[in-house]
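# Kindly return the folded structure for what I paste below:
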Amino acid sequence: MTDKKRSVLVVEDAEATWTVEERSLIGSGFEPVICTNGAAALEVIAAQDFDLVVLDLSLPEVDGWAVLGRLRAEPRTAAVPVLIVSARDDAGTRQNARLAGANGYLTKPFDVDKFRKAVNDLVGAA
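Numbers count the residues shown, from 1 in each chain. Prediction:
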């Protein structure tokens, strides 16, 4: 077994949300990298591999839909699990996210235990 921490890219522009996500991930043994807009996330994704991407849909510069599309279009990132964490709580958005390639979906505000469970379900427990 390796001691390498699994890396998670968190793409979220609301500091209150990414702070909770970051603390939860660190507490669960992950190594989070935070990007506060979609353009920065695309640059980081091009340079680094991740075990999971936690993605908001409403982002400045490049929205989460475009980031998800790029992840799924690139062979290197096509299979990386993506957990959407969004304030949008309608069935249409959830269905569109699944069709676009999202592996999970949580609505803000979210329960931290549900967040941890979703992350572990997508990446595997430590």
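# Against residue 121, how distant is residue 63?
25 Å (Cβ to Cβ, to the nearest Å). C-betas here are computed from N, CA, C, even on glycine.
# Could you do residue 43 as well?
28 Å.
# Look up which residues are beta-bridged to the residue minimising distance to the centre of the chain.
Nearest residue to the geometric centre of the chain (Cα atoms, centre = their mean): residue 54, 1.0 Å. Note on residue 54: beta-bridge partners by DSSP bridges are residue 10, residue 83.
# pLDDT weak spots in this protein?
Across the chain, the ranges flagged by pLDDT under 70 are 1-3, 125-126.
# Recalculate using a threshold of 50.
Along the chain, segments meeting pLDDT under 50 span 1, 126.
# Next, please give the residue ranges for the strands of it.
6-11, 30-35, 52-55, 82-86, 104-107 (DSSP state E).
# Can I get those strands in CSV including distance to residue 21?
Shown next, in CSV, are the strands of the chain (distance: least, Cβ to Cβ, whole Å):
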stretch, distance to residue 21
strand 6-11, 5
strand 30-35, 7
strand 52-55, 6
strand 82-86, 7
strand 104-107, 10
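# Am I right that residue 54 is in contact with residue 7?
No. Contact criterion Cβ atoms under 8 Å: residue 54 and residue 7 do not qualify, at 11.4 Å.
# Now do the buried residues in stretch 35-45.
35-38, 40-42, 44-45 (16 or more other Cβ atoms under 10 Å).
# Can you pick out the most distant pair from those residues?
Greatest spacing in those, by Cβ to Cβ: 36 and 45 (14.4 Å).
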